[in-house]
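Student: Sharing a model prediction with you, sequence too.
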Amino acid sequence: MIVNNAEAQVPLDHLPVWQSNIVTTGREVALCDIEKDGDLDLVIANDSPDNTIQIYKNVGPFFEYEPSWYTDCFVAVGVNLGDVDNDGDLDLAVAAYQHCYLYKNTGDSLERTPSWTSSFESWSFSWVGWGDVDNDGDLDLAATGLFIYPRIYYNNDGILGTLPSWQAIDYNIDNAGSWGDVDDDGDLDLAVGALNLLMPTRVYYNNSGFLENIASWTSPYPLTCGLSWGDIDGDGKIDLAGSCGYALTDTFNVVWLNQGDSLESIPSWQSENYAMGVRSALGDVDNDSDLDLAVAVYDSSQDIVYLNTDGIFSSSPDWYSSTDYNSWGIAWGDIDADGIVSSIDTLVGNGFRKLYYFGNKRIPIHSLDSIVVDGIILPQSDYCYDISSGWISLKDAPSNGDMILIHYKYSTDLDLAISYSREACALFQNTNVGIEEIDDRIAVSDLNVFPNPFSRNTTFEYTTNTEKCYIEIFDISGCKVNTLKNGDKFGRIQRNFWNGTDFSSKKLPSGIYFCQLVSQHMPLDRVKVILLK
């Protein structure tokens, strides 16, 4: 086993705290709340010769040792969960040989016979992913495969078409995909990773609900078997992480940084170590407010985690698993629920935008509780979402100036689930002190601002028993323009001062600004401020 001197930085056990009693040919894994009981269950796709899909329910603090739900599915490779019919529970999409399948949620479990099957293809599908490509508030299904062009099955009133409504025409030997709004124009673009040395990683741009069928962004890095969007460098734009290799050759893991409306073509970061990486996942394992990268490694090697320091991953892994099997699937989630935090994100509508991201540093989201627009709780039929990438897509665009409140839960204590080929799947527990063990509760009185309106300077004042509070300031479009930290403290009274400038100390235009008091990533109070010339 490899030992790294920096490993102590990663609060993750090297030995699994849980392993299944069933040995299978594990492929993709997903962590989700199937039963709507507040904790995460484990879904695993199994390739030949097992040819099953399994669900290990969370029985507290970890999973059951044998799956209480399973069904036969020939050469099941990819799994992804989303609420296809907008009824409030998660349904299961599967990528398998010759078909994709949909297993609907029955309330506390899944149906054992798929209610939807895609049209026949001669080869095998490799990945499926939910995304709202046409911005209508429901989830469409994207799929990639071997000798199968990337495609999308559109959702119409909770029913997927059996034939794809969109299909690429450039490349067709693929093993991965991921949805993300790379150009921040309010619609989801599709990244695809190729399983061929002659085919590039690429992004198909979404133009007002229609994907281009020839990718306008490509990178010469092939064999990208895992793709994950997230704000890695902390600049407010989503970047793309790729795990590369699988069983064909040793390659690097990489990150393409966002340049504003596109990704760089040559990745800014690549790992020093060679690894036959398959799936990968972003998550904040050390709770330092930036995204770290976990990679499942296939070639009988240890699985790895790269820590993020100041917006860049370590060049060599900071954590190795004790296991050295052929890994495939990997996912972050708080299985023992010892770090769950309730949070509210405050955004502002502009009259046309429907797609909004959670705080990107908090993915994967544990659960979405409600969305409130202009004081009205939206029904579940009026939006869709993805907890792993951290976005919501609304059926109707909020009016200009409407306050949007996203109520959700995330975790400060992520565990790591991994599947293996011909071995038991495993769970590695986070060793951080969980939120339940923290006894220094935060007490805050009302947030006051004076003067308001103001032209030169204003003061935020509140009473608190902690020094860990700060003020976030957003403009009318919902863009964060400044953060006020290290306020003056007068006993339990704390004050922050603002002179109407942005992050770069540039004077902001007059108008309405929304300010919220935050502690440990939790919004505590909000106030509207008017800046005059």
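Tutor: Everything's here; your move. Numbering: from 1, shown residues only.

Student: can you give me the helices in the stretch 401-533 of the chain?
Tutor: Assigned by DSSP state H, counting those that start in this stretch, the helices in the stretch 401-533 of the chain number zero.

Student: got any ranges where it has weak pLDDT?
Tutor: 433-445, 465-467, 486, 490-492, 520-522 (pLDDT under 70).

Student: Can you pull out the residues in contact with stretch 479-487?
Tutor: Here stretch 479-487 makes contact (C-beta atoms under 8 Å, 6 or more residues apart in numbering) with 236, 460, 469-475, 494-498, 501-503, 508, 513. Where C-beta positions appear, they are placed from N, C-alpha and C, glycine not excepted.

Student: May I see the PyMOL selection of the buried members of those?
Tutor: With 16 or more other C-beta atoms under 10 Å as the criterion, this PyMOL line picks the buried residues out of those:
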select buried, resi 460+469+470+471+472+473+474+475+494+496+498+508+513
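
Student: Which of the contacts of stretch 479-487 fall in strands?
Tutor: In strands, defined here by DSSP state E, the members of the contacts of stretch 479-487 are 460, 469-474, 494-498, 513.

Student: correct me, but residue 511 touches residue 529?
Tutor: No. Residue 511 is beyond contact range of residue 529, at 9.8 Å (criterion: C-beta atoms under 8 Å).

Student: Run a quick neighbour tally on the nearest residue to residue 118 once chain neighbours are set aside.
Tutor: In space, and not counting its chain neighbours, residue 118 is closest to residue 100: 4.2 Å by C-beta to C-beta, 6 or more residues apart in numbering. Residue 100: 28 surrounding residues under other C-beta atoms under 10 Å.

Student: helix/strand/coil for residue 352?
Tutor: Classification of residue 352 using DSSP: H, G, I helix; E, B strand; the rest coil returns coil.

Student: So what's the residue count around it?
Tutor: Neighbourhood size, residue 352 [other C-beta under 10 Å]: 10.

Student: again with residue 493
Tutor: Residue 493, neighbours per other C-beta under 10 Å, totals 13.

Student: low-confidence ranges in the chain?
Tutor: For the chain, the stretches with pLDDT under 70 are 1-8, 247-250, 360, 433-445, 465-467, 486, 490-492, 520-522.

Student: shouldn't residue 266 be in contact with residue 219?
Tutor: Yes. Between residue 266 and residue 219 a contact is recorded at 7.0 Å, counting by C-beta under 8 Å.

Student: Who has more neighbours out of those two?
Tutor: The neighbour comparison of residue 266 against residue 219 (other C-beta under 10 Å) goes to residue 219, with 20 against 11.

Student: give the contact list for that one.
Tutor: Counted by C-beta under 8 Å, 6+ apart, residue 219 has contacts 200, 201, 202, 256, 263, 265, 266, 267.

Student: same thing but 10 Å
Tutor: Residue 219 makes contacts with 193, 200-203, 240, 242, 254, 256, 263-267, as judged by C-beta atoms under 10 Å, 6 or more residues apart in numbering.

Student: Please report how far the residue nearest to residue 301 when sequence neighbours are not counted lies from residue 529.
Tutor: For residue 301, ignoring the flanking residues on the chain, the nearest one in space by C-beta to C-beta, 6+ apart is residue 324 at 5.7 Å. Here residue 324 is placed at a distance of 56 Å from residue 529 (C-beta to C-beta, to the nearest Å).

Student: Have a look at those two and say which one is more surrounded.
Tutor: Legend: neighbour count by other C-beta under 10 Å for residue 324 and residue 529, higher for residue 529 (19 against 16).
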